[in-house]
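> got a predicted model here, sequence first, then my questions.
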Amino acid sequence: MSKTLLSEKPGPIGIFDSGYGGLTILKHIRSLMPDYDYIYLGDNARTPYGTRSFQVVYEYTLQCVTKLFEMGSHLVILACNTASAKALRTIQQIDLPRLDATRRVLGIIRPTVESIGELTQSRHVGLLATPGTVKSLSYPLEINKLYPDIKVTGESCPIWVPLVEAGESQSDGADYFVRRHIDNLLAKDAEIDTIILGCTHYPLLLDKIRRYVPDGIRIVSQGEYVSTSLKNYLERHPEMDSRCTKGSTCRYYTTESVETFLPNASIFLNSAIDADSVTL
Ligand code: DGL
């Protein structure tokens, strides 16, 4: 991708996901930091990313990050574990210096990982995530860098994102798949006392997940940790904070049609919104 002309003017914080999942993160971020402007981009036309190769996830993510930069963001959050696992490092190390070394792209795995040490007593942690995130081994590698004594066991849930994207998260049919993957995970390690929901779509399945996770096992969803970490980041980086505008607005963009995006996005956000369609 060639170097594009990016505006120096401050702009909204960009929040990216392969589809609707990042809206669960955006909601937490906005409630903790309501003064900032935000721009959300969901690549709904190409979701799910979780079953795609490293190269494809990287290329798609880079296109979306570049789009958010072109739309004025200086700071972009990959509110997608799959993109954080498969594309973040390359974008930070190879693409940012080329596109604009002063812009930043942050992922959501690190803030989640940092919280885990205090949450598990048994030091056995389960991870429910997309096949891409589980196969990348990003969670066990990152957790073990900070907490070498924690054992991490992953379970891929390839059907959970399609269920959520299809608006089936509350349907009776979803119970079968939710239960199956939780049972699989706990059969691999019976000492798990903490389960990370390592995909931003999964909070939409939380009622069902709670139904099938035995009492006493903590379920960690990411919004709270990611939003607190972003707030801390901006406090520690006033030079970036000054490049994020504060007008309390939020604009929504999708690579799909607006007619398809709006009804599902409203379920994620629990409120009606407006959106526009973008071409990458
Ligand atoms: N929401 C994304 C995540 O957190 C994944 C969705 C997908 O598979 O596209 O991993």
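On my side now, so go ahead.
> quick check: residues of the chain near the ligand?
17-19, 21, 47-50, 80-82, 130, 133, 161, 199-201 (CB under 6 Å from any ligand atom). Placement of C-beta: from N, CA and C, glycine included.
> hey, what's the closest residue to C64 other than its chain neighbours bridged with?
Spatial nearest neighbour of C64, chain neighbours left out: F16 (5.1 Å); criterion: CB to CB, 6 or more residues apart in numbering. Following DSSP bridges, F16 is listed with bridge partners L41, L78.
> ok, how many other residues are close to F16?
25 (other CB atoms under 10 Å).
> ok, it - contacts?
Contacts for F16 (CB atoms under 8 Å, 6 or more residues apart in numbering) come out as 22, 40-43, 61, 64-65, 68, 76-80, 83.
> check what pLDDT M1 gets.
Reading off the confidence values, M1 has pLDDT 48.
> now swap in the one 4 residues further on and tell me
What the model reports as pLDDT for L5 is 76.
> what segments of the stretch 51-200 of the chain are strands?
Secondary structure of the stretch 51-200 of the chain (DSSP state E, counting those that start in this stretch): strands at 75-78, 104-106, 124-129, 151-156, 194-197.
> after the last one, which helix or strand is next?
By that I understand strand 194-197. Scanning forward in sequence from strand 194-197 by DSSP states H and E, the next helix or strand is helix 206-212.
> for the protein, which spans come out with low pLDDT?
Counting by pLDDT under 70, the ranges of the chain that qualify are 1-4.
> now do 80
1-5 (pLDDT under 80).
> in the chain, which spans are helices?
Applying DSSP state H to the chain gives helices spanning 22-32, 54-70, 81-86, 88-90, 96-99, 109-119, 131-136, 138-146, 160-165, 172-188, 206-212, 223-236, 238-241, 258-269.
> got those helices as a markdown table, with mean neighbour count and distance to V125 columns?
Listed next are the helices of the chain as a markdown table, based on neighbours: other CB atoms under 10 Å; distance: least, CB to CB, whole Å:
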| stretch | mean neighbour count | distance to V125 |
| --- | --- | --- |
| helix 22-32 | 22 | 20 |
| helix 54-70 | 20 | 24 |
| helix 81-86 | 30 | 15 |
| helix 88-90 | 17 | 21 |
| helix 96-99 | 14 | 31 |
| helix 109-119 | 18 | 6 |
| helix 131-136 | 22 | 13 |
| helix 138-146 | 18 | 7 |
| helix 160-165 | 24 | 19 |
| helix 172-188 | 15 | 10 |
| helix 206-212 | 15 | 15 |
| helix 223-236 | 17 | 14 |
| helix 238-241 | 12 | 31 |
| helix 258-269 | 17 | 26 |
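> looking at those helices, which is closest to T279?
Shortest separation from T279 across these is recorded for helix 54-70, at 9.0 Å, computed as CB to CB.
> please state the offset of that closest one from the chain centre?
Distance, stretch centre to chain centre, for helix 54-70: 14 Å (CA atoms, centre = their mean, to the nearest Å).
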